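Q: Here is my input; please provide its structure:
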Amino acid sequence: MANRMILNETSYIGPGAIENIVIEAKVRGYKKALIVTDKDLIKFKVATKVTDLLKANNLAFEIFDEVKANPTINVVLAGIEKFKTSGADYLLAIGGGSSIDTAKAIGIIVKNPEFSDVRSLEGVAETKNKCVDIIAVPTTAGTAAEVTINYVITDEEKKRKFVCVDPHDIPVIAVVDSEMMSSMPKGLTAATGMDALTHAIEGYITKGAWELTDTLHLKAIEIISRSLRSAVNNEPKGREDMALGQYVAGMGFSNVGLGIVHSMAHPLGAFYDTPHGIANAVILPYVMEYNAQASEEKYKEIARVMGVQGVDSMSQEEYRKAAIEAVKKLSEDVGIPKTLKEIGVKEEDLQLLAESAMADACTPGNPRDTSIEEILEIYKSIY
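A: Down below sits the predicted model:
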C-alpha cells in the first residue's frame, strides 16, 4: 500500500516571513484579498503588520473579522457572503486555527457550493474543486492549520464540533513568522504549545503512522519539549522554535490522523467553549496511559526526545511511565490545569461527552480500539 503525503505548495518559515506575502500576491496576479481574522487581532494591531504591508504595496483587501474561538457554521456562512460581495479573489487568513479553519470552510464552499449547508463537509467530503487560494499566516504556535488538510467547525445547534478532512482545503502558501506570535499571552502560548505536542504524540502513535511521519513527529516532540517553556516566557528563540515545531508536527499528523485525545477534546469545545489546546493538554497524559499497551517501543523514543536520561536501561514499564511523566511535567511547568473540573466540565455531562467522542472522526486512528464505556472511564479518571 502506498502512503500519501500532502503538504503546502509553498511555505516561508522564520522571523520576517510576512514580507513574502507581497511577493507571492504579485507573482500570482491576485487582485484583492479577503482577510479572515478576529476582532482582537485587529484591536491589538497584530493583523496590522500584514495590512500595512498590503497598503504600502497597493494591494487591495477587505477585512472579515467575525471569527471567534471554535468557529461556528454561522460564522462560516457570514464569511462566504462577505467573500462574494467583496470582489476578492483570494483569502488571507491571519490568526490561530480558528481563523485558518474558517478560511478553509469559506474557500471550499465558494468553489463547491453544493456543500453550502456546511454540515455535509464533515468527515471526508467528496468535493470536486480546490478551494479558493489561501495564504495562511498563523499567529499561534499550535494548530498547524496552515499545513494540514483538516479543519474543525462547531455546530452550535447540536452542541458538537465536527472534523472535515479534505485535500482540497490546504492553503497554497503558509507564512510561519514567529514575530506574528510575539504578542501571545502566556496562557495562550502554553495552551497552543501543548496542542502542538498532542499533535506530535498522537500522530506518532496513530494507526496510520509510518517511517516518514515518525521522523517528523519525533523531531516535533523534541523541538516543542525544549522550547515551549522559553516561548511561554516570550523569549525570541523559544518563539521561533515553537513556530517551527508546531509546523513540523502538522506536516505529519495531517497525513496520518490523530486519536482519542482529540476525540475527547472536541466535545469540550462544543459544550463549554473550552480552548482546544487546554482540553488536549488536560486529557493527553491520561490517554497516553490508556494507549501505552498499544505503543510497542514508541514511548521509549518519546521519553528520549523529551530529554529523559537512561531510557535504554529502562524496562518497558519504566520508559512508558517516564514518557507520561515528562508530558505531565511540561504541562505543569507551563501552567496547564490538571482536571476536567478545573476547566468547567460538569460531571453529569460525561456520558454525553463520551458518546460524542466515540463518534468523532479522530477515534478510528487511535492505536487502541475503544468504546463509549472506556472513554467514559477516562473522562471520570480526569475529572
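Q: Could you use CA atoms for every contact and neighbour count after this?
A: OK.
Q: Just confirm D133 contacts G107, I think it does.
A: Yes. Look at D133 against G107 with Cα atoms under 8 Å: they come within range, at 7.3 Å.
Q: Residues that sit against both of those two, list them.
A: By Cα atoms under 8 Å, 6 or more residues apart in numbering, D133 and G107 have these common neighbours: L91.
Q: give me the low-pLDDT residue ranges for the stretch 1-150 of the chain?
A: Scanning the stretch 1-150 of the chain for pLDDT under 70 picks out nothing.
Q: where along it do the helices fall?
A: Counting by DSSP state H, counting those that start in this stretch, the stretch 1-150 of the chain has helices at residues 19-27, 39-43, 48-56, 73-86, 97-111.
Q: Pull the fourth one out as CSV, backbone CA atoms only.
A: By that I understand helix 73-86. The C-alpha trace of helix 73-86 is given here as CSV (Å, rounded to 0.1, in the frame of the first residue of the first chain):
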residue,chain,number,x,y,z
ILE,A,73,-21.4,27.3,11.0
ASN,A,74,-23.0,30.8,11.1
VAL,A,75,-19.5,32.4,11.1
VAL,A,76,-18.6,30.4,8.0
LEU,A,77,-21.8,31.4,6.3
ALA,A,78,-21.2,35.1,7.1
GLY,A,79,-17.7,34.7,5.7
ILE,A,80,-19.0,33.2,2.4
GLU,A,81,-21.3,36.2,1.9
LYS,A,82,-18.5,38.6,2.7
PHE,A,83,-16.3,37.0,0.2
LYS,A,84,-18.9,37.1,-2.6
THR,A,85,-19.7,40.8,-2.0
SER,A,86,-16.1,41.9,-1.6
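Q: shift numbering so it begins at 388
A: Fine by me, first position is 388 from now on; the one you just mentioned is helix 460-473.
Q: Show me what that helix is packed against.
A: When contacts are defined as 3 or more Cα pairs under 8 Å, 6 or more residues apart in numbering; DSSP states H and E, helix 460-473 sits against strand 419-423, strand 447-451, helix 484-498, strand 537-542.
Q: Could you save these as CSV and add columns showing mean neighbour count and distance to V463?
A: CSV is the format used below for the helices and strands packed on helix 460-473 (neighbours: other Cα atoms under 10 Å; distance: least, Cα to Cα, whole Å):
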stretch, mean neighbour count, distance to V463
strand 419-423, 25, 10
strand 447-451, 19, 11
helix 484-498, 27, 6
strand 537-542, 24, 9
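Q: Out of these, flag the one nearest G580.
A: Checking the helices and strands packed on helix 460-473 against G580 by Cα to Cα gives helix 484-498 as the closest, at 12.5 Å.
Q: Cool, thanks, talk later.
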